[in-house]
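Peer 1: Everything below, folded, please.
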Amino acid sequence: MNKAKVNHKKKIASLVKPAIFIGVFTGLMAFAAYSFLTYDPEPIAQEFFENRKMGKDYQDLKDKESAKKKAQRNIFLQD
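Peer 2: Below is the predicted model:
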């Protein structure tokens, strides 16, 4: 009878462990799906990407600050 109880407990344990794993996994996946679907990004990041300078603006700034361009501009201003 003692052996029968041990076998019965092992059988129950072999059914409970996968059930707990599936329950925890399902709960985590449900939480991840809820978080993914309800995520609202901060408006700061969106504003940054909308207002950042384009490549042309960068090239104009680079040209204004280059020594050669400054020298050429100064020569024309002296006339």
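Peer 1: Spell out which residues sit in contact with Asp40, please.
Peer 2: By Cβ atoms under 8 Å, 6 or more residues apart in numbering, no residues touch Asp40. For every residue, glycine as well, the C-beta is placed using N, CA and C.
Peer 1: and the gap between it and Ala32?
Peer 2: Distance from Asp40 to Ala32, counting by Cβ to Cβ, to the nearest Å: 16 Å.
Peer 1: Quickly find the element holding the residue nearest the centre of the chain.
Peer 2: Taking Cα atoms, centre = their mean as the criterion, Pro41 is the residue nearest the geometric centre of the chain, at 10.0 Å. Pro41 belongs to no helix or strand when elements are defined using DSSP states H and E.
Peer 1: Tell me the pLDDT of it.
Peer 2: Pro41 is assigned 71 on the pLDDT scale.
Peer 1: can you give me the helices in this structure?
Peer 2: 2-37, 43-51, 55-65, 67-78 (DSSP state H).
Peer 1: Mean neighbour count for the ones you listed - can I get that in TSV?
Peer 2: Below are those laid out as TSV (neighbours: other Cβ atoms under 10 Å):
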stretch	mean neighbour count
helix 2-37	9
helix 43-51	9
helix 55-65	10
helix 67-78	9
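Peer 1: Would you mind measuring from Phe48 to Pro41?
Peer 2: Here the distance between Phe48 and Pro41 works out to 11 Å (Cβ to Cβ).
Peer 1: How about Val16?
Peer 2: Per Cβ to Cβ, Val16 is found 41 Å from Pro41.
Peer 1: same question, Glu47
Peer 2: The separation that Glu47 has from Pro41, given Cβ to Cβ, amounts to 11 Å.
Peer 1: Quick one: residues in contact with stretch 41-48.
Peer 2: Residues beyond stretch 41-48 that count as contacts (Cβ under 8 Å, 6+ apart) turn out not to exist.
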